[in-house]
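Asker: Pasting the sequence and the predicted coordinates here, then a few questions.
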Amino acid sequence: MKRADASRWTVVPSGRTTARATTAVGVIAALASLVLTGCSADTDAAHRTAPAAKAKAATAGEALTDAQELRIADAEQRLIKRCLNRQGFTYWEAERPSLEESRTLGYVADDVAWARKYGYGSRIDAKEDRARLANPNLVYRKGLSEERRKAYDDALDGGIEAPEIAAELPNGATIRRQMGGCVAEAEKRLYGDPVVWFRANKIASNLQPLYVPQVMRDKKFVAALHVWSTCMQRAGHPYKDPGAARQAAKERALRSTSDKTFAAERQLAVADATCARTASLRAIGKERETHYVNALRDRYGQALDTSRRIEHEAYVRAAGIVGPRA
């Protein structure tokens, strides 16, 4: 249900420095998702079109669906595996949960059927956590000799001597990332120029602090949120907003993984989704989000358009490498 960046990266706020944070081997594409409304769970079916039509879609400005984002991530894994295999190393691609289980949840979740089955996804998260801990690539790397381990690291992502690229974020901080080895090869294959992609994507995916507070204060959204909270109150769940309801469920799930706790999570999530539909919270949130993002286009429009274009181009390439998730 979650996708995380596993490359080496450093965030340097203005006037400060920090140590590099290095994560475990895993999926390397962390694509932007809408904070308020989440990503669509549509399948790839509507996008199985001719190359010319796909190229035109790259400039259409439509956000990628969950299915498309996952296909890019899966293609990266396939390319990394091929690259490492060529150099004599073994690599296991990340597990591919079903499309339904891989859904990205936004602030507003209004799919009642999904909520009835998965609640807020606590058991999906737990399953993914177990998979990360049992990552065969970590076991494999640990079993290598010191010399082979260094060679593996260098082959995978260039090791600690890999070249660094940087991007300035909207908040003035600078994010830096080392890029080399098979990770760099895979990203170049999918995204083209890695520097252009990295800089545009990091700007586009870090605009939320600039517009989310405005959306949360917006009169239309506040009114819809009031309808949602009134609906929830009547259903026996007195929460002020979807975030509070989800946090309560998360805290209970951390304390207990019993069937009774999960049943309560699903009941709360169903009420949340039902009330979100009653209040048209997703539609209103999406409309207001679009309004405030568009207000940032004078300054960040080029980065937004470049990021979206490259994402679509990457999807077209990914579709020629791996199939869609079921």
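Answerer: Received, thanks. Please read all numbers here as calculations on a predicted model, not as lab measurements. Residues are numbered from 1 along each chain as shown.

Asker: give me the low-pLDDT residue ranges for the stretch 51-200 of the chain?
Answerer: Scanning the stretch 51-200 of the chain for pLDDT under 70 picks out 51-61.

Asker: show me where it has helices.
Answerer: Counting by DSSP state H, counting those that start in this stretch, the stretch 51-200 of the chain has these helices, from start to end: 51-57, 66-86, 112-118, 122-133, 136-142, 146-157, 181-191, 194-204.

Asker: what about those, which gets the closest to Gln267?
Answerer: Comparison of those against Gln267 by C-beta to C-beta identifies helix 112-118 as nearest, at 9.0 Å. In this view, the C-beta of every residue, glycine as well, is placed from N, C-alpha and C.

Asker: got the CA positions of that closest one in CSV?
Answerer: Taking Å, rounded to 0.1, in the frame of the first residue of the first chain, the C-alpha atoms of helix 112-118 are listed here in CSV:
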residue,chain,number,x,y,z
VAL,A,112,-16.9,1.8,0.8
ALA,A,113,-16.3,-1.6,-0.6
TRP,A,114,-12.5,-1.3,-0.1
ALA,A,115,-13.0,0.0,3.4
ARG,A,116,-15.4,-2.9,4.2
LYS,A,117,-12.7,-5.4,3.2
TYR,A,118,-9.5,-3.7,4.3
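
Asker: Next, the contact list for Thr257, please.
Answerer: With contact taken as C-beta atoms under 8 Å, 6 or more residues apart in numbering, Thr257 is in contact with 123, 126.

Asker: for the helices of the stretch 51-200 of the chain, which one sits closest to Leu254?
Answerer: For these, proximity to Leu254 was assessed by C-beta to C-beta; helix 122-133 is nearest, at 8.6 Å.

Asker: Using CSV, write down the CA coordinates of the closest one.
Answerer: This file holds the C-alpha atoms of helix 122-133, laid out as CSV (Å, rounded to 0.1, in the frame of the first residue of the first chain):
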residue,chain,number,x,y,z
SER,A,122,-3.5,-2.0,8.7
ARG,A,123,-3.1,-5.6,7.8
ILE,A,124,-1.8,-4.7,4.4
ASP,A,125,0.8,-2.5,6.1
ALA,A,126,1.7,-5.3,8.5
LYS,A,127,2.2,-7.7,5.6
GLU,A,128,4.4,-5.2,3.8
ASP,A,129,6.5,-4.7,7.0
ARG,A,130,7.0,-8.4,7.3
ALA,A,131,8.1,-8.6,3.7
ARG,A,132,10.6,-5.8,4.2
LEU,A,133,12.1,-7.5,7.2
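
Asker: For it, name the packing helices and strands.
Answerer: helix 242-255, helix 259-278 (3 or more C-beta pairs under 8 Å, 6 or more residues apart in numbering; DSSP states H and E).

Asker: got CSV for these, with distance to Arg325 and mean neighbour count too?
Answerer: Below are the helices and strands packed on helix 122-133 laid out as CSV (distance: least, C-beta to C-beta, whole Å; neighbours: other C-beta atoms under 10 Å):
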stretch, distance to Arg325, mean neighbour count
helix 242-255, 25, 17
helix 259-278, 23, 19
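
Asker: Would you format those helices as a markdown table with distance to Gly143 and mean pLDDT included?
Answerer: Converted to a markdown table, the helices and strands packed on helix 122-133 look like this (distance: least, C-beta to C-beta, whole Å; pLDDT from 0 to 100):
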| stretch | distance to Gly143 | mean pLDDT |
| --- | --- | --- |
| helix 242-255 | 33 | 96 |
| helix 259-278 | 37 | 98 |
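
Asker: got those helices as a markdown table, with distance to Asp153 columns?
Answerer: Output for the helices and strands packed on helix 122-133, formatted as a markdown table (distance: least, C-beta to C-beta, whole Å):
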| stretch | distance to Asp153 |
| --- | --- |
| helix 242-255 | 34 |
| helix 259-278 | 40 |
